[in-house]
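**Student:** could you work out the structure for the sequence below:
(chains A, B, C, D, E and F)
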Protein chains: 6
Amino acid sequence: MSKLSHINSRGEASMVDVTDKAVSQRTAWAEGYIRMSAHTLQMISAGEHAKGDVFAVARIAGIQAAKQTASLIPLCHPLMLSKVQLDFELEPKHSRVRVIAMCKLAGQTGVEMEALTAVSVAALTLFDMCKAVDPAMVIEGIRVLEKHGGKTGHWQAGELA
Amino acid sequence: MSKLSHINSRGEASMVDVTDKAVSQRTAWAEGYIRMSAHTLQMISAGEHAKGDVFAVARIAGIQAAKQTASLIPLCHPLMLSKVQLDFELEPKHSRVRVIAMCKLAGQTGVEMEALTAVSVAALTLFDMCKAVDPAMVIEGIRVLEKHGGKTGHWQAGELA
Amino acid sequence: MSKLSHINSRGEASMVDVTDKAVSQRTAWAEGYIRMSAHTLQMISAGEHAKGDVFAVARIAGIQAAKQTASLIPLCHPLMLSKVQLDFELEPKHSRVRVIAMCKLAGQTGVEMEALTAVSVAALTLFDMCKAVDPAMVIEGIRVLEKHGGKTGHWQAGELA
Amino acid sequence: MSKLSHINSRGEASMVDVTDKAVSQRTAWAEGYIRMSAHTLQMISAGEHAKGDVFAVARIAGIQAAKQTASLIPLCHPLMLSKVQLDFELEPKHSRVRVIAMCKLAGQTGVEMEALTAVSVAALTLFDMCKAVDPAMVIEGIRVLEKHGGKTGHWQAGELA
Amino acid sequence: MSKLSHINSRGEASMVDVTDKAVSQRTAWAEGYIRMSAHTLQMISAGEHAKGDVFAVARIAGIQAAKQTASLIPLCHPLMLSKVQLDFELEPKHSRVRVIAMCKLAGQTGVEMEALTAVSVAALTLFDMCKAVDPAMVIEGIRVLEKHGGKTGHWQAGELA
Amino acid sequence: MSKLSHINSRGEASMVDVTDKAVSQRTAWAEGYIRMSAHTLQMISAGEHAKGDVFAVARIAGIQAAKQTASLIPLCHPLMLSKVQLDFELEPKHSRVRVIAMCKLAGQTGVEMEALTAVSVAALTLFDMCKAVDPAMVIEGIRVLEKHGGKTGHWQAGELA
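**Tutor:** Coordinates of the predicted model:
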């Protein structure tokens, strides 16, 4: 594709017209990371209690954000997500938490923005809960991992450069 | 500080009580990057028209998101931001766009989450507008740069590791 | 059914995947009550004027809330309600107002949460309008009355214990 | 007080003018119950995992709803809550869960509607998570327990009739 | 004033920084009209019942919209309105309804956008309720009538040209 | 049609039941104007920079508002718009800007309220950006231009009286 789909020939923002696109089942996975001090990572991973709510709050924030994508990203279409899933993986070796989101629906447009929004807001929520002890955290590596469905069919990300 | 401020002693999510905190002027700067192919970067930076609306849309999305922070991040307090500013810098050498957000208010709690949310949603909006030509973009390096005001006073980020 | 549908095997919150569920017409009725002093009940029921706007405001609040259910209840799916109806019945013998809501759509998931949310917010709105004269009101008996459609078919509540 | 504060002399809905009211610290507590089968209560209370996320989700939903009160209840003023707290108590003897919410701010108007909204939405969220196993649950006893601050000063509920 | 306050020297959208502006009591009045056929006007004005709910719904929609102004108008600041009032006047001679809104707060920025938004959404709501019988209605004459407070002090509109 | 579709026989607000309406492709166009001083019109139209962002901000505000219609207009159904387009035409002869919106979807109910809401909020956004230099602007002539689809088929507005 040689043109920006969201900018018309006059350079104006333009929502893509999906009226005539076929309804197909679409799934997208996205990931991201929040890097923190080893001490902070230990605080949120050690102890059953702390662990429970920290990730539960971030999971709910991510799910809720996925449903709000069209009101956050101006040119996104309103969608009826049929499934949103958020997972967290501790990576003590890299002193970070991996956030993975999956979004699904049967619709006329892809759901990668919903998955990316879920990852971003879940990571921001983890940042919020840890910022008092570790204001220097960094959110990184937010990208689409894989998507299925629609005209483009299957797409998979390569290795992260 | 040795405890997570947003988790109580039973491990439950807990909004910090700011009722008795003094009102002071608070400012926070955050940054982030969206890395894309050289070709995509050129598409959004070359030509007066394209450039105009692409960044205008991302700027508006970031400003609007900053105002919605308390409804996106569960334990954030509702705030009355008195200023939100979004800037974009093209870094062709690194094939990326830098997003910088500044938030300000006179209030009882800091505004770094608002600045981080503005950066994240502005970057997601750029992703949305370019994803048809470049689905492999990566959002990275989202962090607080500097903040002023409140009990902690001035804080500045170090070099990005 | 022997498991909580909204909690996975690791104990984590989980949105039910409705992607493959058949679209069917679904209807749900819910009810609830707000109990108040006889004097308060008379204030909102006597006089054509007062009666008009008090219930009109509560009705609108209930309809609007039904449409916001997915942003209020974290694991609810976004839905496109095709009908929401709110009714109010004065029960002077029990010194209370009965609130009944009906929600309908053709979709992949039931609408009882939408009907319950409509009842709850309509009752809260009545509480808000009367609280200056009667702060001791009680909202009670919020439950699903009946639902049609979907795999479970028809379900009807028994007598309230 | 002998008139409905939210209805003017023509019977029209009317937001109370709080422009000239003094700013004072205000706190409100509200409670409510969700009654369920003994089996359902056991499912959400037994086992560390299940318990964690079920109540964490309801807590977050309640906190988020408190912050949205002014957009749910038409005549409520927008407020800047400085603290929202949600607690859950298992009452196996009555086969129910008690939900308690506390809201606080320094402002010109009370926060009992915010506390009642938090209780209501937290109870609805518990209902949502358990409805597949127990559709006959009942939400009841939603009321203000106590409030401080403002012109009326201290108010405390009596015994529930 | 010789420059657009909301566009910076690079032509970019810019939220005005109100951090250092004094808090003062501010009030704004706005008006607008919805012109319809004589028959439609009669339908919504004759008969106690119809009249009641038609204007009650539009009033609530206007009040709710005023509170949402900052999320609708990108460069508006979040505000804590202390009063919103909507009035409707039937003007059978001109076959139209006049909508008047008043907004008030003690704050750092004016409330004319809130009053204009209330008028606009109330008029749109009247349009929605009457569109099946009269799709040719026109909304017109939306403007600020008067405002008080802030650095500019008192401002009053002239005759409508 | 001889009755108001949104008011039932008891005079109560009533959402139209669209459950059984056929899904068809529906399109609506709406227009409106914002009249300003010749000087203000020149400020927003002269110079590439200013022009760029002023209209880009209004366009985004209009698109976002179209997607929020069901939460602004109480009796509107939630919809999944497949396309929203906003255009602006400078009319120096009449010292005004024309705003045109087009909304589209395949659904059970028309989209004229979405198009009217887009026009209204885009015009309000232009008002907001110019109000410091020209508080006497007037928004006028908001109406439906044309609509296709559904049972009524094609409808076109006549000359503006």
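**Student:** can you pull out the helices in chain A?
**Tutor:** With DSSP state H, the ranges of helices along chain A come out as A:38-45, A:48-67, A:69-72, A:112-130.
**Student:** list the contacts for the residue nearest to A:Ala157 when sequence neighbours are not counted?
**Tutor:** Distances taken as C-beta to C-beta, 6 or more residues apart in numbering or on different chains put A:Leu145 closest to A:Ala157, at 5.3 Å, once the chain neighbours are dropped. No exception for glycine: its C-beta is placed from N, CA and C like everyone else's. For A:Leu145, the contact set (C-beta atoms under 8 Å, 6 or more residues apart in numbering or on different chains) comprises A:Trp29, A:Ala30, A:Glu31, A:Ile100, A:Gln156, A:Ala157.
**Student:** among these, who's most crowded?
**Tutor:** A:Ala30 (28 neighbours; other C-beta atoms under 10 Å in any protein chain shown).
**Student:** and that residue, how far from B:Ala66?
**Tutor:** Per C-beta to C-beta, to the nearest Å, A:Ala30 is found 22 Å from B:Ala66.
**Student:** hang on, the earlier thing: now tabulate the helices of chain A in JSON lines and tack on distance to F:Thr109 and mean pLDDT.
**Tutor:** Shown next, in JSON lines, are the helices of chain A (distance: least, C-beta to C-beta, whole Å; pLDDT from 0 to 100):
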{"stretch": "helix A:38-45", "distance to F:Thr109": "47", "mean pLDDT": "92"}
{"stretch": "helix A:48-67", "distance to F:Thr109": "22", "mean pLDDT": "84"}
{"stretch": "helix A:69-72", "distance to F:Thr109": "18", "mean pLDDT": "98"}
{"stretch": "helix A:112-130", "distance to F:Thr109": "25", "mean pLDDT": "97"}
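**Student:** any idea how far the residue nearest to A:Leu41 when sequence neighbours are not counted is from chain F?
**Tutor:** Closest residue in space to A:Leu41, ignoring its immediate chain neighbours: A:Ser95 at 5.7 Å, by C-beta to C-beta, 6+ apart. Relative to chain F, A:Ser95 is positioned 38 Å away (criterion: C-beta to the nearest C-beta, to the nearest Å).
**Student:** and A:Ser95, how many residues sit next to it?
**Tutor:** 17.
**Student:** for it, what are its contacts?
**Tutor:** Counting by C-beta under 8 Å, 6+ apart, A:Ser95 has contacts A:Arg35, A:Met36, A:Ser37, A:Ala38, A:Leu41.
**Student:** so which pair among these is furthest apart in space?
**Tutor:** For the contacts of A:Ser95, the maximum inter-member distance is 10.6 Å, found between A:Arg35 and A:Ala38 (C-beta to C-beta).
**Student:** neighbour count: the two, which is higher?
**Tutor:** More neighbours surround A:Arg35 than the other of A:Arg35 and A:Ala38, with 20 against 9 (other C-beta under 10 Å).
**Student:** any idea how far that one is from A:Pro92?
**Tutor:** For A:Arg35 relative to A:Pro92 (C-beta to C-beta), the value is 12 Å.
**Student:** A:Ile7 too?
**Tutor:** 43 Å.
**Student:** out of these two, which sits in the busier spot?
**Tutor:** Per other C-beta under 10 Å, whichever of A:Ile7 and A:Pro92 has more neighbours is A:Ile7, with 24 against 11.
**Student:** may I ask you to confirm that that one is in contact with B:Val54?
**Tutor:** Yes. Counting by C-beta atoms under 8 Å, A:Ile7 does reach B:Val54; the two are 6.3 Å apart.
**Student:** overlap of the contact sets of the two?
**Tutor:** Contacts common to A:Ile7 and B:Val54, judged by C-beta under 8 Å, 6+ apart, are A:Ala13, B:Met129.
**Student:** what's near enough to touch A:Val54?
**Tutor:** A:Ile44, A:Leu126, A:Met129, B:Leu4, B:Ile7, B:Ala13.
**Student:** and what of A:Glu112?
**Tutor:** A:Ala28, A:Ala30, A:Cys103, A:Val144, A:Lys147, B:Lys131, B:Pro135.
**Student:** scan those and report the most crowded one.
**Tutor:** The contacts of A:Glu112, ranked by neighbours (other C-beta under 10 Å): first place A:Cys103, 31 neighbours.
**Student:** state the distance from that residue to chain B.
**Tutor:** Noted for A:Cys103: a distance of 14 Å to chain B, by C-beta to the nearest C-beta.
**Student:** for that residue, give me its contacts.
**Tutor:** Neighbouring residues of A:Cys103 by C-beta under 8 Å, 6+ apart: A:Thr27, A:Ala28, A:Ala66, A:Leu81, A:Lys83, A:Val84, A:Gln85, A:Val111, A:Glu112, A:Glu114, A:Ala115, A:Ala118.
**Student:** contacts only, for the closest residue to chain E within chain A.
**Tutor:** Across chain A, the shortest distance to chain E (C-beta to the nearest C-beta) belongs to A:Ser71, at 8.4 Å. Residues in contact with A:Ser71 (C-beta under 8 Å, 6+ apart) are F:Gln64, F:Lys67, F:Gln68.
**Student:** what's around A:Gly107, how many residues?
**Tutor:** Neighbourhood size, A:Gly107 [other C-beta under 10 Å]: 23.
**Student:** tell me the bridge partners for it.
**Tutor:** A:Gly107 has these beta-bridge partners by DSSP bridges: A:Ser24.
**Student:** pretty sure A:Ala30 sits against A:Ala101.
**Tutor:** Yes. With contact defined as C-beta under 8 Å, A:Ala30 reaches A:Ala101; the gap is 5.2 Å.
**Student:** tell me the mean pLDDT over stretch A:81-88?
**Tutor:** For stretch A:81-88, mean pLDDT is 96.
**Student:** ok, and what's touching it?
**Tutor:** A:55, A:58-59, A:62-63, A:66-67, A:97-106, A:111, A:114, A:118-119, A:122, C:14-19, C:77-78, C:108.
**Student:** filter these to the buried ones?
**Tutor:** A:55, A:58-59, A:62-63, A:66-67, A:97-106, A:111, A:114, A:118-119, A:122, C:14-16, C:18, C:77-78, C:108 (16 or more other C-beta atoms under 10 Å in any protein chain shown).
**Student:** returning to that earlier point: Throw the contacts of A:Ser95 into a markdown table and include distance to C:Val23, thanks.
**Tutor:** Shown next, in a markdown table, are the contacts of A:Ser95 (distance: C-beta to C-beta, whole Å):
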| residue | distance to C:Val23 |
| --- | --- |
| A:Arg35 | 44 |
| A:Met36 | 44 |
| A:Ser37 | 49 |
| A:Ala38 | 50 |
| A:Leu41 | 45 |
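**Student:** specify which member of these is nearest to F:Lys151.
**Tutor:** Distances from F:Lys151 to the contacts of A:Ser95, taken by C-beta to C-beta, are shortest for A:Arg35, at 57.2 Å.
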